[in-house]
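**Student:** Please find the sequence and the predicted model below.
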Amino acid sequence: MPGTRRRKRSRPHRLVWWLAGAAAAVVILAVGGAFLYIHVISGPAPAPLTLKPASGSSSPASPGDSAASSVSGTWKITTGSVVGYRVKEVLVGQSQTAVGRTSTITGDVTISGTTVTAAGFTVQMATIKSNESERDVQFRGRIMDTAAYPTGTLTLTRPIALGALPAAGVVKTYTATASLTLHGQTRPVTFPLSAERTPGEIEVSGSIPVLFSRWDIPNPSFTGFVTTQNHGVLEFLLKLARS
């Protein structure tokens, strides 16, 4: 009958619309879930590792200032030091910053007069953790292969002239040239770092852009679900005590 034929023809049409609506709902739920996770459950990424000056002054101390006492000697990395990474990633259309950090760091800085003659630190890569366990699994395995390359190192390759020592609590910026070893590959890097003297310690912070392909690091993007930029940032905040 004509009415029966019309009903039969309309069923595939209704099925197409139903499938399209279901697909749209899945996308909306995925995007909404990602938004909820990033902005509500996970929360904002930790702030970059930088120094917070105790003084608003940036002028160097006078020669008679007791705060400008000698810094010659060897300074070892101590409690409170942090090294980590920052990478921009997109989770189902929602942007976020992935941050992983560790305090398992060893190293020291040698100063002769007002010149840094040697410096370096080593990080146990498998101890770097973020707020997402699946990301950490990917980091330790497919991305950084910490079983084959357990450490990352940064070693100064050119002395740093400190010039006139600033007063305690004043942050001063220098340029450092070093070799950075990641994923078994060593590459030269030049970057700014900031230093500040506090009572009994020296604090140093810096960040180094890392193009993954330069160190043969696989792109962290994961199965099309999470995509990242082709670069990230290595950041550090080191607290040094006289040894």
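**Tutor:** Alright, I've got the coordinates.
**Student:** tell me the contacts of Ala118?
**Tutor:** Val109, Thr110, Leu156 (CB atoms under 8 Å, 6 or more residues apart in numbering). For glycine as for every other residue, the C-beta is placed from the backbone atoms N, C-alpha and C.
**Student:** now these: which count as buried?
**Tutor:** Buried by 16 or more other CB atoms under 10 Å: Val109, Thr110, Leu156, out of those.
**Student:** Same list (those) but as a markdown table, adding distance to Gly120, secondary structure and pLDDT.
**Tutor:** Compiled in a markdown table, the buried ones among the contacts of Ala118 are given as follows (distance: CB to CB, whole Å; DSSP: H, G, I helix; E, B strand; the rest coil; pLDDT from 0 to 100):
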| residue | distance to Gly120 | secondary structure | pLDDT |
| --- | --- | --- | --- |
| Val109 | 8 | strand | 98 |
| Thr110 | 10 | strand | 98 |
| Leu156 | 6 | strand | 98 |
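**Student:** Which one of those residues is nearest to Leu238?
**Tutor:** Using CB to CB, Val109 is the member of the buried ones among the contacts of Ala118 that sits closest to Leu238, with 8.2 Å.
**Student:** Tell me which residues touch the closest residue to that closest one other than its chain neighbours, please.
**Tutor:** Counting by CB to CB, 6 or more residues apart in numbering, Val109 lies nearest to Ala119, which is 4.2 Å off, once chain neighbours are set aside. Taking CB under 8 Å, 6+ apart, we find Ala119 in contact with Gly107, Asp108, Val109, Thr110, Thr155, Leu156, Ile160, Ala176, Ala178.
**Student:** Which parts of the chain are helices?
**Tutor:** Secondary structure of the chain, counting by DSSP state H: helices at 2-36, 133-138.
**Student:** Could you list the buried residues of the shortest one?
**Tutor:** Going back to what we said before, that points to helix 133-138. Neighbour-count burial for helix 133-138, counted by 16+ other CB under 10 Å, picks out Arg135, Gln138.
**Student:** Quick one: residues in contact with it.
**Tutor:** Helix 133-138 is contacted by residues Ala98, Gly100, Ile128, Lys129, Ser130, Pro220, Phe222, Val226 when judged by CB under 8 Å, 6+ apart.
**Student:** rank the helices of the chain by mean pLDDT and give me the bottom one.
**Tutor:** Set side by side, the helices of the chain differ in mean pLDDT, and helix 2-36 is lowest with a mean of 47.
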